[in-house]
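Enquirer: Mind looking at a prediction? Sequence and model below.
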Amino acid sequence: MHDLYEPVAAIMRECGETIILARFRDLSEDQIEEKSPGDLVTVADRESERFLTNRLSELLPDAAILGEEATAADPSVMDRIHEPVCWVIDPIDGTGNFAAGRSPFGILIALVRGGETEAGWIYDPVSKRLCHAHRGAGAWINGDPLHSKGSGKDKPVIALYTSFMEGEERIRVDAAAAAHFEIVPPPMCAAEQYPMLATGQHDITIYRRSLPWDHAAGALFLSEAGGKVARFDGTAYRPDQTEMTGMLAAATPDLWDEAVRVLL
């Protein structure tokens, strides 16, 4: 595990208990806003990001910090991903679920060094599940090593995130998936989607949008567990390539290859 595994885990647990769960199912209408159509933010998102920013700054004072809500307020914050060392924070991933008073939702934290994710943490405050990955060293859930094998079903299980695709692309991908895979509803939460892939509940997922706070931690976690996350052309996902869109994630490299053959 990464040297900062325990300190970061402790920060996430404290944030989950004192801020996120304290607000769960206790939000008034004026504490939920729409940043853009269908993209919500709550008072808990902002409080969580402030808390995480302050505490992570204490761990690595020289590291830049890229937070989802800070970037929403000032798009130039995205440039911090190109700093030599950068924390990437999604203070509540799955805000739509959280605001509706349901699970799943979680905290995503990645440590990015030289444009590549060095370590990632995914924490579910409700179940207390903590997923962790250290580049080149492996992946763990609650301290137990994990190896991704897929569901083993004859028809691989796929969750589709096609809402950001243009009409023709969405129609083509949806039709191809229906013909070859078992389509299941996505959890609308990357902090849940990546663990579902790594633990064999899902086999494949496809994204058009790939913002670093949504994917830096989860992509490393799945990759270190033995899965594959890559752009549509097969190039490896990097969180510093913020101008690139489109990526496939699969529980195994063989499932990734099958998904490319069918969907693209």
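Expert: Looks like it came in fine.
Enquirer: For the helix or strand that contains Asp257, which helices and strands make contact with it?
Expert: Asp257 belongs to helix 253-263 when assigned by DSSP states H and E. In terms of contacts (3 or more CB pairs under 8 Å, 6 or more residues apart in numbering; DSSP states H and E), helix 253-263 is packed against helix 167-180, strand 204-207, strand 228-231, strand 247-250. For glycine as for every other residue, the C-beta is placed from the backbone atoms N, C-alpha and C.
Enquirer: Skipping adjacent residues, who's closest to Gly94 in space?
Expert: Leaving aside its chain neighbours, Gly94 sits nearest to Cys189 (3.1 Å; criterion: CB to CB, 6 or more residues apart in numbering).
Enquirer: Spell out which residues sit in contact with the one you found, please.
Expert: Asp93, Gly94, Asn97, Pro104, Phe105, Gly106 (CB atoms under 8 Å, 6 or more residues apart in numbering).
Enquirer: If we use 10 Å, what do you get?
Expert: 90, 92-98, 103-106, 108, 124, 195-196, 214 (CB atoms under 10 Å, 6 or more residues apart in numbering).
Enquirer: Please apply the same query to His2.
Expert: Val8, Leu111, Glu118, Ala119, Gly120, Trp121, His132, Ala133, His134, Arg135, Ala137.
Enquirer: Against His2, how distant is the last one?
Expert: Using CB to CB, to the nearest Å, one obtains 8 Å as the distance from Ala137 to His2.
Enquirer: Now do the shared contacts for the two.
Expert: Shared contacts of Ala137 and His2 (CB under 10 Å, 6+ apart): Ala119.
Enquirer: Residues in a beta bridge with Leu40, which ones?
Expert: Leu40 has the following beta-bridge partners by DSSP bridges: Glu34.
Enquirer: Touching, it and Asp93? I think so.
Expert: No: here Leu40 does not reach Asp93: they are 12.0 Å apart, not a contact under CB atoms under 10 Å.
Enquirer: So the two - more neighbours on which side?
Expert: For Leu40 and Asp93, the more surrounded residue by other CB atoms under 10 Å is Asp93, and the numbers stand at 28 against 17.
Enquirer: Going by neighbour count, list what's buried in stretch 154-172.
Expert: Pro156, Val157, Ile158, Ala159, Leu160, Tyr161, Thr162, Met165 (16 or more other CB atoms under 10 Å).
Enquirer: what about Asp45, how many residues close to it?
Expert: The number of residues packed near Asp45 is 28, by other CB under 10 Å.
Enquirer: Can you give me the distance of it to Asp90?
Expert: From Asp45 to Asp90 the distance is 9 Å (CB to CB).
Enquirer: overlap in contacts of the two?
Expert: Common contacts of Asp45 and Asp90, defined by CB under 10 Å, 6+ apart, comprise Gly67, Glu68, Glu69.
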